[in-house]
Structures are given as C-alpha cells and as structure tokens.
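S.K.: what follows is a predicted protein model with its sequence.
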Amino acid sequence: MLCCNPGPAMESAEVESDILRRVRTLLRELDGHHPACQRDRGMLRWTLHKKIDQNPSNSPILVRILVKELERAERGDYRHYIIPLLHTLMYALIKAPCISDELCSRVYDFCKKLLTLPKPFCTIGLDYAARLKMERTTPGMLYQRMVISEQSLRSDPYPYQEKIFIFADPELLSEAICKALLTDTEAARVSQSPRACMCYVITHTVQAALGEGCDLSALRTRLQGMPSSEVEHWFQEVVMAVECTGSQVAADRGQHVERLQSIYSAILSSSPPGDAPLEGLQGTPLPNPNISFHLWTEDDQLWKELVLFIRPLSQSCEPDRLSQDLDNFEIQDIISDCECCEQTRFSVLSTDSGIERDLPPSAEEPFAPCSADTEQSRLHRKGGIKKKPSPLESVAFLQTGCNGPGAKPAAKVQRRVGIPTEPTAPLLRLHTARIVLLGDDRILGRLAQAYHSLRKRETRRVFLTPRLNLQFYYVPVTGQPGTPAAANPSATSPEELCEVAAYLGRADPWYESNINTLCHMIPKLATMPSSPSKHLVTDLFITDVIAYYVRMGAQPVCFQVYAVKVFFSSSAQEPAEDVFLTELCAQVQDSISSREVNPTKKKTTLDGPGIDLTVTYRKVVVSDRAKEVSLSLRSTGLSMKAIPANTAEDLACLNVNITEVVRINNLSGRSFSTVANKLKTCNIKIRSTEQRPFTLCLDKDSRRTYRSVVSLEVSPCLEPSYCLQKSRTMKFSLQEAEDVGLVKYMPKSLLLPINTFAGVIQ
C-alpha cells in the first residue's frame, strides 16, 4: 500500500496555525491586552508582515486568514477589529506576488458590505472596493502605481509623484534622536536606484498576471544583463499595458494577461532556454519610499521645500537665481511660468514719455525725415513686458482640501484684436507631499503657524494649491532630559506635551498601536549602543513603520486652528496676531504691583493675589444660538485647551479654565482661596481692568511667549481665501451680513488635517 507523504501538508498547517496565532495576538492588543513583553508592543504588525516577506508564498494564507477574521468580526459586531484587519489585509495584498481572483472577490464583497456602515467604515470600504476592482482586472496595478509615484519614476501614462518630508525641531529633540533619524532616512533613500525599481515593477506585474507560469528567476537574470535604456523601454511597455487596461470601462482580464504574456516572451526571447523547473511564486521587494529628513530651523522652510518639490532646481536654467529668490522669498518670480530663458527684467527709472517718437535717435540709426505714414505708425508705446492678470480672479485660491483637478492658470493678456486666446489645459495635482511631523504638541503648533502662512500666500498668489496634494502626518516623539523639551514649566510630563497624540490614539486604536508606541521607542533606539543588532532593528523598523503609516493612513482628523490678537500695556507697541492649535496659557506677572501701574487707585481693602479681569465670551448652548456672556473676576491665571479629553466632545470648541481668586471672611480675618471656573466657548475676550500685565504662552512653547499683555481676543481662525472672497462681496453690498454667492460654499474656518488610519471612530 502506498502512503502519501504528510510533510508538505503538515508544514502548511503549521504555517497557517502560526499566522493565525499572530493575527489573534494583534487583535488582543487592540482590546487593551498588551503582550507580556512590553518591548514587543507596537511591533506585532511589523513582525507579521516581515514574516510574510521572508516567505512570500504564504501571502495567500495570510489573506485568507484575514478575510475569515473580518467576516467573524462583522458577525460578532467587533467593529474595532474591522479597520485594522482591513489595512493589514490590503498591505499584504499589495505586496503579495499573486492572489487568486476568488480571494480578491471575497475581499471586494466584504468592502461593499461596509458601505452600509457609518463613517469611517463606509469611506474606507468604498476606497478599498475601488482599488480591488482595478486589481482584479489588472493584477499588480496597486503595487505598480505605488512604486512609480513614490520613486518619481518617469512615466507618461501615470505621471504622479510623491515624496515624504520628515520635519523635526532640533530644539525639541535631542541631538542623538535627530542624528539617528537622519542616518536612517538617508540609508533608506540611497538604498534603491531607479533601475532597480523599474525591474521590481516589471517582475511583480508580470508575475501577478501570469502566476506560477512566470519563470521569475530567468526574468530577473535577463533584466540584470540588459542596459538601462532597454530596461526602461520594457518598463514603459509594462506600465502602458497596465494603464491602458485600467482605463477601459469594460476591461477584460484575459486580454491583459495576453498582453503581459507577449511582453514576458519578448523579454526572454534573446535568452537561451533553460531546463530548470519553475520555482513557484517568489516575492518582489516593495522599495522604501522617497524620504527626506529636515531639521526645522526656518519659519518658511516648509513652503520652500514644497516649492522646490514642485519645481526642482534642476528644471530651472538659472538655479542660482531661483535659489537666491527662495532666500529672499520672492514668490512673484519663483512661481511664474517657466520663462526663465526669456529676457531678464531689470528695474530702471524711466524719465521719458514711453513713446518712440520722443526717444533720441540711436547711434546706429541715422536721422531721416519721417513721412506721415511712418509718423502715424510710430505713435505707439514701446513694447514692454506684458503683465499677467492675478490668478485670484478665478476660484483657484480655494483651500488645498477642496476636491477637484485644480484651477486653470490665468491666460496671458491678448492686446491685439482678432487673435483668439489659446485654450489652457486644467492643472492636475500630479505631486503629493506627505509631511510627517516628529515631536510633541509644540511642533504641531509650529505647523499650524506655517500652514496658516502658506494659506495666506496661496490666497495672495496661487501656486501650490492646483498643483500639489498636501497631506499631514504626526509621529509623537518626546525629548530626553537635559534637552529644551524639559525647559517649559507649563508642561512637565510627556503626557501633557502629547495631548494630540493621546486624542488620536483614543479616536483610532490602530494609530495607538502602531504610531503612539514610537513615542518612547524612537528615543530608546537612538540611544542604543552601536551594534549589528541595533542597525538591524532601526534601519528596518522605524523606516518601515513610517512608510506603512503614510501609505495606509488616509483618513484625516481635522483640528481647528485658533487666532489670537494680543494687546500690550504700552500704547506704542502694535497689537500682535498669532495662531495656536492646542493650548493658550496666561499667568499673572508679579513683577509690577497694582500701585505702580495705577498709583491713583485707593486701596481700601486687601485685593489678594491675581488681577481683576473682564471676560466676555460666546456661550455654547445646545440650540447652537449665539449667547454673549460677560463676567468680572479676579484671577491668577487661565488656560484654554483646544484638544478635548475624549472623542465624544467637539473638536471645534475651547475648554477655558480660569483660576478664580475668592475672598473668604472668617473669625481669624480675611483669607483667599482659588476655584476653577470652567467655560466652553469658541470666541472669548479677556481684558485686565487694572491694566496690570500678564504673560501669554502658546502651544506650550516657551519660545512663543508674549509679555506685558493686558488684553487678548481668541476666535476660530478663518480660512484666508474665505476672508478675501468675503471682503470682495462686501464691496458690492455693504449691508450684507450673511454669506452669499461663492462664499456660501467655501470653508469658513481654517482646519489642520492630520491623517490617521481610521479618522475618528465613535
């Protein structure tokens, strides 16, 4: 009797059991049951994907297990499992060498079921359903588009480019952390060449379409022996085949496979046939995205980097001039169309009338009497540089978050009669800048300042908005003792400095599991002694987690930016205007006594500590009607927090906590105590009635401190484009109070969107 060999079957069962155990452990961490070894917290997802990368043939097993767990979570109403499992599944599916259509169909059907659920489930389900529909018709398309855009590979059928900008404040993080992050990102950036990435796209796309019929070893060997020009040719052929199939309404997978089969045969046609058996499915690495690390030392550094990303110096025929303009912040010259090869414009004081007949004859032109026709023909102004109309005449100044392909550039003024204007093609947002902020709440406050400045620039002269898709990400990292991070007395603990990260972790458990764990892990890895094991962990883990975050985190959480107007005790000092994102803190200045400020005041009673304040605010009521409330009290300080304590509270509301001084009369005499006076509002004005100054600190950053303040006004920061359009509307209707016309459909408040994996899950 012949007996079957149970080896492969038992091995497959062991692999499936191990993967299932890892997935279940991942789900238990979402429930708050952290692993016994705390150093493994946050690494479970990473180790799961790395295990599959080591043996890509197990990708279908992982996808099948994740689909079963998703269906089980839906039946058992474990909704907090759905989004983490779905992100894990899609990431595995993108990297998988080949997934059967039956398995993709099951995932697609599950994503369609999510459309009946509330946000963010329906939003993520719709996005992934659309991607899976393309992947089923054109296998390998998701991987191909990701690599092309992340590596900025030149491709006409898919011309999109992406770049990750990591910004860190050197005054908030230790030198060891900054140096470690710089080393890791540079290593990730130089590890892949464009030729290698093109080969990855070819091999992965062909294997995804042909499956086990693709001899991947022979294909790789053939591509390695080709010159770079020939590799690029076949890369363009593969991209063209995939994009043509994907653009068809009723695309046929069979025809797509035939096209790639012909390309595959053509590549191997010049190589000698081999007798080696096919090795089955093999994995193709997913290269690290294009990441650049920046120490944020200049206020306008973010805007500069975005401009250079859209128009790098290599595309300008005068790079020195462009670089100089960037330093001088000359936006008018930087963002003009590519006319740097034309005549250079110089500023010259003109003393003539501008009419040619009034000009003295030149040395090269002999003087001759002019006829009447000649005289008439010369009665015109000398040719000058035509001025373009402002792009603000169109609706292109709408904020970055508005959906749409972009605005049309303003056409040149046609001065000659009978010459029609040339039609201009609409601009497409071909560039995506993914801004990753590393630090605590203080760097987010700095980001709010930079984003507000960028929006004002775009309102005055639009350039980035129609060309660039801007995405923000946040990785909390705390500084080490002895660094400026511990120099702020208003927030001493890391928990107080990372309120935004704590809120995002409560709103999105997957963010808490994967990103918030980096808060203490990155400083620990940065201070590890140099060893081979240290490089093995840091070079892979930190870069991979950030890449996973920016690739899969597409659901924004929008934070309200608040504007503050500060008035000073000196009438000679102009009021200051600023913005903040997380917190405003005010403390009484004890250096000046009330008698010094107001010597005529008769002090008949003991005033006690603090100063007298008049507080006027708009009370938040259930009916959402405006209700102005005014009160007077004595206080030693106050704080306004924009980040709520739980996700059920409104993000567009300030929690004001005023420390009020209360006088108590008892048998022993007068004494004073303090009570917390709590308010909820969006608009508030605070004024010192005694003109005694107090100190103001924004976003817990000691560098953003205002002294000798006697009054302040806080309100939601308005979107600059809304303010511009509103002012234009008011010119024609001074009595108009409500928003009409275009203003009605424009976003009124300036919101800072920070991407997470799920947004806010209620």
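M.R.: Cool, got the structure. Numbers count the residues shown, from 1 in each chain.
S.K.: got the buried residues for stretch 715-731?
M.R.: Of the residues in stretch 715-731, those buried by neighbour count under the rule 16 or more other CB atoms under 10 Å are 715-717, 719-726, 729. No exception for glycine: its C-beta is placed from N, CA and C like everyone else's.
S.K.: what does stretch 139-149 give?
M.R.: Along stretch 139-149, the positions that meet the burial threshold by neighbour count (16+ other CB under 10 Å) are 139-149.
S.K.: hmm, back to that, so which of the buried residues of stretch 715-731 sit within strands?
M.R.: 715-716 (DSSP state E).
S.K.: for Thr123, see how far away Asp77 is.
M.R.: In this structure, Asp77 and Thr123 are separated by 20 Å, where distance is defined by CB to CB, to the nearest Å.
S.K.: so which of the buried residues of stretch 715-731 is the closest to Cys244?
M.R.: Here the nearest of the buried residues of stretch 715-731 to Cys244, counting by CB to CB, is Ser721; it sits at 38.4 Å.
S.K.: so that closest one touches Lys748, yeah?
M.R.: No - with contacts defined as CB atoms under 8 Å, Ser721 does not count as touching Lys748, sitting 10.2 Å away.
S.K.: return the helix or strand in the protein with minimum mean pLDDT.
M.R.: Considering only helices and strands, the least confidently modelled element of the chain by mean pLDDT, DSSP states H and E is helix 331-334, at a mean of 41.
S.K.: pull the contacting residues for Leu181.
M.R.: With contacts defined as CB atoms under 8 Å, 6 or more residues apart in numbering, Leu181 is in contact with 166, 168, 293, 438, 522, 526, 542.
S.K.: got the contact list for the third one?
M.R.: Put plainly, it is Phe293. For Phe293, the residues meeting the contact criterion (CB under 8 Å, 6+ apart) are 166, 168, 181-182, 185-186.
S.K.: restricted to helices, list those.
M.R.: If you go by DSSP state H, those have 181-182, 185-186 in helices.
S.K.: any idea which of those has the most stuff around it?
M.R.: With neighbours set by other CB atoms under 10 Å, the maximum within the ones in helices among the contacts of Phe293 is found at Leu181, which has 26 neighbours.
S.K.: and that one, what pLDDT?
M.R.: At Leu181, the model reports a pLDDT of 88.
S.K.: determine which two of the buried residues of stretch 139-149 are furthest apart.
M.R.: Taking CB to CB as the measure, the buried residues of stretch 139-149 reach their widest spread between Pro139 and Ser149, a distance of 18.5 Å.
S.K.: taking the centroid of this protein, which residue is nearest it?
M.R.: The C-alpha lying nearest the average C-alpha coordinate of the chain belongs to Phe472 (CA atoms, centre = their mean; 1.7 Å).
S.K.: now render the contacts of Phe293 as TSV, adding distance to Ala266.
M.R.: Conversion of the contacts of Phe293 to TSV gives the following (distance: CB to CB, whole Å):
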residue	distance to Ala266
Ile166	41
Ala168	48
Leu181	44
Leu182	44
Thr185	38
Glu186	38
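S.K.: in the stretch 451-600 of the chain, which spans are helices?
M.R.: Secondary structure of the stretch 451-600 of the chain (DSSP state H, counting those that start in this stretch): helices located at 494-497, 499-507, 509-514, 518-526, 532-552, 594-597.
S.K.: quick one: closest of those to Val249.
M.R.: When these are compared by CB to CB, helix 532-552 sits nearest Val249, at 28.1 Å.
S.K.: pLDDT check: weakest of the contacts of Leu181?
M.R.: When those are sorted by pLDDT, the bottom entry is Ala526 at 82.
S.K.: which ones are touching it?
M.R.: Contacts of Ala526 (CB under 8 Å, 6+ apart): 174, 176-177, 179-181, 538.
S.K.: now these in JSON lines, with distance to Arg467?
M.R.: Compiled in JSON lines, the contacts of Ala526 are given as follows (distance: CB to CB, whole Å):
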{"residue": "Ser174", "distance to Arg467": "37"}
{"residue": "Ala176", "distance to Arg467": "37"}
{"residue": "Ile177", "distance to Arg467": "33"}
{"residue": "Lys179", "distance to Arg467": "34"}
{"residue": "Ala180", "distance to Arg467": "34"}
{"residue": "Leu181", "distance to Arg467": "28"}
{"residue": "Thr538", "distance to Arg467": "35"}
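S.K.: which of the residues you listed lies closest to Thr465?
M.R.: Relative to Thr465, the closest of the contacts of Ala526 is Leu181; by CB to CB it sits at 29.9 Å.
S.K.: on that earlier part again, farthest pair in the contacts of Phe293?
M.R.: The span of the contacts of Phe293, defined through CB to CB, is set by Ala168 and Glu186 at 13.9 Å.
S.K.: returning to that earlier point: between Asp77 and Thr123, which one's more packed in?
M.R.: Neighbour totals were compared for Asp77 and Thr123, and Thr123 leads with 17 against 8 (other CB under 10 Å).
S.K.: neighbours of the closest residue to the more buried one other than its chain neighbours, how many?
M.R.: Taking CB to CB, 6 or more residues apart in numbering as the measure, Thr123 lies nearest to Gln555, with 6.8 Å between them; neighbours along the chain are not counted. Taking other CB under 10 Å as the neighbour definition, Gln555 ends up with a count of 22.
S.K.: who touches Gln555 in this structure?
M.R.: Each residue near Gln555 by CB under 8 Å, 6+ apart is listed here: 120, 123-124, 508, 755-759.
S.K.: ok so, going back, in helices, which of the buried residues of stretch 139-149 fall?
M.R.: Using DSSP H, the buried residues of stretch 139-149 in helices are 141-149.
S.K.: which one of those residues is nearest Ile515?
M.R.: Distance from Ile515 was checked for each of those by CB to CB. The minimum falls on Met146, at 20.2 Å.
S.K.: mind checking the SS state of the closest residue to the closest one other than its chain neighbours?
M.R.: Distance criterion CB to CB, 6+ apart; nearest residue to Met146, sequence neighbours excluded, is Ile94 at 6.6 Å. In three-state terms, and counting by DSSP: H, G, I helix; E, B strand; the rest coil, Ile94 is helix.
S.K.: contacting residues for Ile94?
M.R.: Contact partners of Ile94, counting by CB under 8 Å, 6+ apart, are 142-143, 146, 286.
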